[in-house]
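In: 3D model of this:
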Amino acid sequence: MSEELTRCPWLDTSKPDYVAYHDLEWGVPLYDDNKIFEFLVLESAQAGLSWYTILKKRENYRQAFASFDPVVVATFDEATIEQLMNNPGIVRNRRKIEAAVNNAQRFLEVKAEFGSFSDYIWGFVSGKPKTSHIKCLSDYPATTPESDLLAKDMKKRGFKFLGSTTLYAHMQASGMVNDHSIDCFRRAEIIKASNDKK
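Out: Model prediction:
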């Protein structure tokens, strides 16, 4: 069955775990704060690497970063960071690990200010997914005015390793934008699911 479906041009369909991620998660609107934090940790870890590299390490990250609980990650001290630096299951980049701890602290500050991090971040797309019209690989933007604004605001709030390109990838992954290509079977499914919730 999966062979008959048309999917996004960026996807390597020879990798079943990648296909599952595309079919089940990528582009689905995400409003759960802890899940949003998970994606932010993983996307900041990705900087300079492929998303698939991080996807393969996701379970290792889940174990290393307290199931992506920002309240716990925010308390990680120097000793914990040293332990993470010796963990071969994650990207052992001190600046990225320190950024994850810092970002957990900033995440909680934003959550306290807005009631939820979800309310804050979705405000940059007026609270509802933006639907793109992607036909081929070259149609995908690296950044958008919305991701630029989000990156500028998050930088001002003290977040690290979350520039406009990384945050646009987050917006795609968390469904703030529906960047499934127009011939991808998931595009219409996600539009329908979003409309059904209205």
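In: this structure: strands as residue ranges?
Out: Using DSSP state E, the strands found in the chain span residues 130-131, 177-178.
In: show me what the mean pLDDT comes to for the last one.
Out: What it means is strand 177-178. Averaging pLDDT along strand 177-178 yields 97.
In: neighbouring contacts of the worst-scoring helix or strand of the chain on mean pLDDT?
Out: The helix or strand of the chain with the poorest confidence is helix 185-196; it has a mean of 90 (mean pLDDT, DSSP states H and E). Contact with helix 185-196 is made by 5-8, 22-23, 26-29, 128-129, 131, 175, 178, 180-181, as judged by Cβ atoms under 8 Å, 6 or more residues apart in numbering. All C-beta atoms are positioned from the backbone trio N, CA, C, and that covers glycine.
In: picking up where we left off before, would you format the strands of the chain as a markdown table with distance to residue 191 and mean neighbour count included?
Out: Below are those laid out as a markdown table (distance: least, Cβ to Cβ, whole Å; neighbours: other Cβ atoms under 10 Å):
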| stretch | distance to residue 191 | mean neighbour count |
| --- | --- | --- |
| strand 130-131 | 6 | 15 |
| strand 177-178 | 7 | 22 |
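In: wait, which of those is closest to residue 144?
Out: Residue 144 lies closest, by Cβ to Cβ, to one member of the strands of the chain: strand 177-178, at 7.6 Å.
In: before we move on, the earlier item: in the least confident helix or strand of the chain, what counts as buried?
Out: For helix 185-196, the neighbour count (16 or more other Cβ atoms under 10 Å) marks 186-187, 190, 194 as buried.
In: okay, the residues you listed in JSON lines with distance to residue 108 next?
Out: Output for the buried residues of helix 185-196, formatted as JSON lines (distance: Cβ to Cβ, whole Å):
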{"residue": "186", "distance to residue 108": "32"}
{"residue": "187", "distance to residue 108": "34"}
{"residue": "190", "distance to residue 108": "30"}
{"residue": "194", "distance to residue 108": "28"}
